[in-house]
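>>> this one's structure only:
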């Protein structure tokens, strides 16, 4: 696989590792999102340390208001994190 | 780095490898986008084999109409490809 195909496969694997733990296997509930962030984006979690911040993050991701983060909503987070990272490297 | 951090870094590296070849180093012109797709998403390129298809793809990505694909527009492509991939694996 190419580098980009590997990156795509990794993103899917990370999402599924956490979404398939409880409840709807294709969506992250809040506790699963917190667990994913804690393991996969530890730097970001420094800014999402309390329940209120986590609630705010979930609300901003949860475009369809079902109290879950589906894959497309998760990709919005990944895109934002990636865009912030490239913006930082351009400074 | 975590798996997700590695994936984010790979996506940025792939974009920069191609965007920094000619002209604006922070954007892909059409020929750079074609080159990137050819190398990194060969399966997709099977469907973007002629100039008209490439023009259509660039037009759909080029949200700000500057005839280039910037990083945020590129992430839209990556998100779409990733979402299609996870949709296929759920079938």
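Alright, I've got the coordinates. Because the structure is a prediction, the values reported are computed rather than measured.
>>> and residue A:14, how far from residue B:24?
Distance, residue A:14 to residue B:24, using C-beta to C-beta, to the nearest Å: 32 Å. Every C-beta, even on glycine, is put in place using the N, C-alpha and C of the backbone.
>>> let me redo that: residue A:45
Taken as C-beta to C-beta, the span from residue A:45 to residue B:24 is 34 Å.
>>> residue A:2 too?
Taking C-beta to C-beta, one finds residue A:2 at 24 Å from residue B:24.
>>> could you do residue A:8 as well?
Residue A:8 is 25 Å from residue B:24, by C-beta to C-beta.
>>> for those two, indicate the residue with more neighbours.
A direct count of neighbours by other C-beta atoms under 10 Å in any protein chain shown for residue A:8 and residue B:24 places residue A:8 higher, at 25 against 13.
>>> quick one: residues contacting that one.
By C-beta atoms under 8 Å, 6 or more residues apart in numbering or on different chains, residue A:8 lies in contact with B:7, B:78, B:81-82, B:85.
>>> buried residues in the helix or strand that it is a member of, which are they?
Counting by DSSP states H and E, the element that carries residue A:8 is helix A:3-19. Within helix A:3-19, the residues that count as buried by 16 or more other C-beta atoms under 10 Å in any protein chain shown are A:3-5, A:7-12, A:14-16, A:18-19.
>>> and after that helix, which helix or strand comes next?
strand A:27-28.
>>> residue numbers of chain A in contact with chain B?
Applying C-beta under 8 Å from any C-beta of the partner chain, we find that chain A lies next to chain B at A:2-16, A:26, A:39-42, A:71-72, A:75-76, A:78-79, A:81-83, A:85-86, A:89-90.
>>> quick one: distance of stretch A:8-22 to the chain centre.
Counting by C-alpha atoms, centre = their mean, to the nearest Å, stretch A:8-22 is centred 10 Å from the centre of its parent chain.
>>> once you drop chain neighbours, what's closest to the residue positioned nearest the centre of chain A?
For chain A, residue A:74 is the residue whose C-alpha lies nearest the centre (C-alpha atoms, centre = their mean; 4.7 Å). Using C-beta to C-beta, 6 or more residues apart in numbering or on different chains and skipping residues adjacent in sequence, the residue nearest residue A:74 is residue A:15, 5.5 Å away.
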